[in-house]
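S.K.: With the input below, show me the fold.
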Amino acid sequence: MKNECVKAFVKAVGTSALALSVAGCGSQQLTDYSATTPKLSLDEYFDGPLTAWGMVQDYSDQVTRRFCVELDGNWQGNEGVLVEKFYFADGEISYRTWKLTKNGSSYTGTAEDVEGTATGAREGFAFQWQYNLQLEVDDTQYVFFLDDWMYQLDQYRVFNRTSMKKFGIEVAHLTIFFDKQQPNRTCKS
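M.R.: Next comes the predicted model:
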C-alpha cells in the first residue's frame, strides 16, 4: 500500500512538473509579433470616436458581466486623452479617462481608477498594456493586476484579451472587441 502511495505521489509530481514546463514554454512574448501587420499604434487607432463590446468571465469561464463602451480619443503630439463610457448589461454606467503619453513604441498612462502608472509597448500588430486597477466589490475596494493584450485585425478592428489577477492568481479574464468603422455605432444603437 505504501509503495502505491509513493508511486501515485511521484506520478502526480511528475505530471505537475511536465504541465508547468509545457505551460512555461507557451507564454507569448511581445517580440513574437514584431514582423506582423498592420502595425498597431495607439495614437492612430484610438484617435476619434469608436465603440467596443466586451464580457468578463470568472475563473471558471462563467460570463459574469457584459458591456458596451463608447470611447473618444484625442491626441496632440505624443500626449493623448481617451475618454471611456461603459454601459453594463445590468444597467450600471461607469467612466474612465486615460491620460496617455507615447515614447517611441512604448506608452504610459494614468486614470482615476488606476493605481500608479500603466505601462505598455507595441510590436507589429500587438500591444501589451499592464496596470493595477481599483475595483469596488460589495462596498470594499480591491486592487487587481491587469495584463491586456491587444491585436489589430485591420484598420477598423482591434481584439483585446485581458488577464485579471489577484496575488498572482488569475481570477477573471476580459474579452473586448473594438470597432471604429464609420458610421460609428454607439452603445445605444
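
S.K.: was I right about F125 contacting W149?
M.R.: No: F125 lies out of contact with W149 (Cβ atoms under 8 Å); the separation is 11.0 Å. In short, each C-beta sits where N, CA and C put it, glycine included.

S.K.: Which residue of those two possesses the greater neighbour count?
M.R.: Shown here are F125 and W149; by other Cβ atoms under 10 Å, F125 has more neighbours (20 against 17).

S.K.: need the helices for this protein, in chain order.
M.R.: Shown for the chain, the helices assigned by DSSP state H span residues 2-25, 42-45.

S.K.: quick one: W149 from D43, how far?
M.R.: From W149 over to D43 the distance is 19 Å, taken as Cβ to Cβ, to the nearest Å.

S.K.: Relative to V69, how far out is S106?
M.R.: 24 Å.

S.K.: now do S27
M.R.: In terms of Cβ to Cβ, S27 sits 28 Å off from V69.

S.K.: Surely P49 and D72 touch.
M.R.: Yes: taking Cβ under 8 Å as the definition, P49 is a contact partner of D72 at 5.0 Å.

S.K.: pLDDT-wise, which helix or strand of this protein ranks last?
M.R.: Ranked by mean pLDDT, DSSP states H and E, the weakest helix or strand in the chain is helix 2-25, scoring a mean of 39.

S.K.: Y142: neighbouring residues, count only.
M.R.: Y142: 12 neighbours (other Cβ under 10 Å).

S.K.: Contacts only, for it.
M.R.: Q134, L135, E136, K166 (Cβ atoms under 8 Å, 6 or more residues apart in numbering).

S.K.: Skipping its backbone neighbours, what lies nearest the one residue sitting closest to the centre of the chain in space?
M.R.: Geometric centre of the chain, nearest residue: D148, 2.5 Å, by Cα atoms, centre = their mean. Nearest residue to D148 in three dimensions, chain neighbours excluded: W129, at 4.0 Å (Cβ to Cβ, 6 or more residues apart in numbering).

S.K.: Show me what the one you found is bridged to.
M.R.: Here W129 sits in beta bridges with G120, D148, going by DSSP bridges.

S.K.: What is the burial count for E112?
M.R.: 10.

S.K.: Comparing S106 and V69, which residue is more hemmed in?
M.R.: A count of neighbours by other Cβ under 10 Å puts V69 above the other of S106 and V69, at 19 against 11.

S.K.: Show the pLDDT at that one.
M.R.: Looking at V69, its pLDDT reads 98.

S.K.: and what of Q28?
M.R.: Q28 is assigned 89 on the pLDDT scale.

S.K.: Same question for the one 5 residues further on.
M.R.: We have a pLDDT of 96 for Y33.

S.K.: unless I'm mixing things up, it is touching A121, no?
M.R.: No: counting by Cβ under 8 Å, Y33 stays clear of A121, with 10.9 Å between them.

S.K.: With neighbour numbers in mind, choose between those two.
M.R.: Between Y33 and A121, counted using other Cβ under 10 Å, Y33 has the larger neighbour count: 20 against 16.
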